[in-house]
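*Asks:* Requesting a structural model of the entry that follows:
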Amino acid sequence: MTDSIFSRQYSRRSVLKAGLYGVAGLTAAPAILEACASTSPSTSSTGGGKIVMGTFTDNAMTPIRDVFNKRFTAETGIQVQYNETNYDAWYQASKNDGLNKTGAYDIYVMDDSWVPEFAAGKVIQSLDKLGFQVNPDILTNGLNQGYWPPKVGAKMKDFASATPELYAIVIIDDVEILYYNKDFFPTAPKTWDDIAAVAAAKAKPNGPFGWSARGVKGNPIVQTYLPLLNSYGGNFVNNDWSPGFAGPEGVGALERLLSFIPYMPSGVAEFDTDQETQSLLQGKCMALTEYTGLSHQVDDASASKVAGKINMAATPSQEKSGPAIGTFICGIASGAKNPQGAKKYLEWFTSAQIQTDFAKTNGSAAVTKSALTDPSIASQYRWLPAIADAVNNSVAKPHTPDEPKMEDILGTRLNEALVQALQRKSGYTAIAQAKLTQAANEITAYLKQQGGYI
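*Replies:* Residues are numbered from 1 along each chain as shown. Coordinates of the predicted model:
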């Protein structure tokens, strides 16, 4: 492995934006706190102590900060100091803390894309070696995001024969799901063909549009493309690290995306999360794919003109469903002063009862099957079973510290393909073939330059 792996800056995942992950002011928090006293399993007091949790600022973490950390202290006597900062600053701070073993933090809340670098670089500790007890009810695809080397998919040569160890545990199952307006889709569309048929029949030039996308180059358009690519049977990379999107499956997926152009907003090549979701919430879009944070806005009348009309499902199939997954995940710092207290917290938070109560708190994206599929909770938060279905069908991005660069290359060419297609209004197959071949060649050259892959 080259030293450069540990010096590269991760790009900020565009969906992680304060405001999108609103939790409606935690209106359920008082009820949950009251319920905690009567429904929680007993936990023996440790006699005190403290753990320090660091995280990037995101409203998805609000229930953990305001409800569950206090509950953990009440049940165990262990104080939780919670520190947050912006995404990029926290990435650097946590990496520096772990590499230097300064002991400023016990728990890092991470984007799961950090796991390869942080685990390979020993920024975080092996949870297996700490004796971490995994709740068997945690959904497998969410759990797998915390292993290094990865349990499935391509492995870097230096780690190809190593036994996967759990280095981080999922705490929020963030995944892409389909959001659709039930005025146009009385039941969830199962395939991309279903979306296309309704778009062709009901979309209008100035709205409602049949489909919207994040078209900005880099991460945004890649997140739009991946559920299509996966569903058509393609791969971001194959197990030998060759790009898996330049063949018929990837071309077909991009051609399908471009075929929605007559039914999409004209400025979609410049759309990021904010623009895409506003199109849906203003009633100007019939359907789109997005991460779970949007679910907290769809019934908010102050944010949505179609409150109560947006339903959710796993992303559509062609050969299969293939949502992209991007979890919130926790590791224990290599220099943690209280690693056993941190382990106790993470085992507690991912336990059956706590996850059930987490799901009850404004429909948070719990990580256990029982919490996400509980009929009584789902009757109030209808997106939770869709999250479970999406996680179970999800496809992870390549597990490597170089994934952000690969994503940037692919996303640049996808955006160029979209811009060309918007201009020409035809020739989608040729555009898709040319741009995906270019991206594949560039990614292959980059991985050869880095070493450790091919």
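*Asks:* measure the residue lying closest to Pro149 once chain neighbours are set aside to Ile431 for me?
*Replies:* Closest residue to Pro149 apart from its sequence neighbours, by CB to CB, 6 or more residues apart in numbering: Phe159 at 3.9 Å. Where you see a C-beta, it was placed from the backbone N, CA and C, and this is true even at glycine. As judged by CB to CB, to the nearest Å, Phe159 and Ile431 stand 37 Å apart.
*Asks:* Among these two, which residue is more densely surrounded?
*Replies:* Ile431 (22 against 19; other CB atoms under 10 Å).
*Asks:* Got the phi and psi for the most centrally placed residue in the chain?
*Replies:* Geometric centre of the chain, nearest residue: Gly326, 2.1 Å, by CA atoms, centre = their mean. Dihedral angles of Gly326 (phi, psi; degrees, to the nearest 10) stand at phi -150, psi 80.
*Asks:* Spatially nearest residue to it (excluding sequence neighbours)?
*Replies:* Per CB to CB, 6+ apart, closest to Gly326 is Asp174, 5.3 Å.
*Asks:* correct me, but the one you found touches Tyr291?
*Replies:* Yes: between Asp174 and Tyr291 there is a contact under CB atoms under 8 Å: 5.4 Å.
*Asks:* picking that back up, burial of the residue nearest to Gly326, as a residue count?
*Replies:* 29.
*Asks:* What separation is there between it and Asp58?
*Replies:* Distance from Asp174 to Asp58, by CB to CB: 10 Å.
*Asks:* shared neighbours, these two?
*Replies:* Phe328 (CB atoms under 8 Å, 6 or more residues apart in numbering).
*Asks:* list the buried ones in the one helix or strand Ala93 maps to?
*Replies:* Element membership of Ala93, judged by DSSP states H and E, is helix 87-100. The neighbour-count check on helix 87-100 (16 or more other CB atoms under 10 Å) flags Tyr87, Trp90, Tyr91, Ala93, Ser94, Lys95, Asp97, Gly98 as buried.
*Asks:* Could you report the separation of the residue nearest to Gly326 from Trp114?
*Replies:* From Asp174 over to Trp114 (counting by CB to CB), the distance is 14 Å.
*Asks:* what about the strands in this protein?
*Replies:* Ranges of strands in the chain, per DSSP state E, are 50-56, 79-85, 107-111, 147-148, 165-166, 168-172, 177-181, 235-237, 243-244, 287-290, 310-313, 328-332.
*Asks:* excluding its backbone neighbours, what's nearest Trp192?
*Replies:* Pro316 (4.9 Å).
*Asks:* Next: Ala396.
*Replies:* Per CB to CB, 6+ apart, closest to Ala396 is Ile325, 5.8 Å.
*Asks:* Any idea how many residues pack against the one you found?
*Replies:* Neighbours of Ile325 (other CB under 10 Å): 25.
*Asks:* Return the residues in contact with Tyr345.
*Replies:* Residues counted as contacts of Tyr345 (CB under 8 Å, 6+ apart) are Ile51, Met53, Phe72, Ile78, Val80, Ile107.
*Asks:* where's Gly267 relative to Asp66, distance?
*Replies:* Applying CB to CB to Gly267 and Asp66 gives a distance of 38 Å.
*Asks:* Between these two, point out the one with more neighbours.
*Replies:* Asp66 (15 against 10).
*Asks:* State the distance from that one to Phe328.
*Replies:* Distance from Asp66 to Phe328, by CB to CB: 16 Å.
*Asks:* try Gly341
*Replies:* For Gly341, the distance to Phe328 - CB to CB - is 20 Å.
*Asks:* same question, Trp114
*Replies:* Counting by CB to CB - Trp114 and Phe328 are separated by 11 Å.
*Asks:* likewise Lys155?
*Replies:* Plainly put, Lys155 is 24 Å away from Phe328 if you go by CB to CB.
*Asks:* Can you give me the end-to-end span of stretch 161-179?
*Replies:* End-to-end distance for stretch 161-179, by CA to CA, to the nearest Å: 41 Å.
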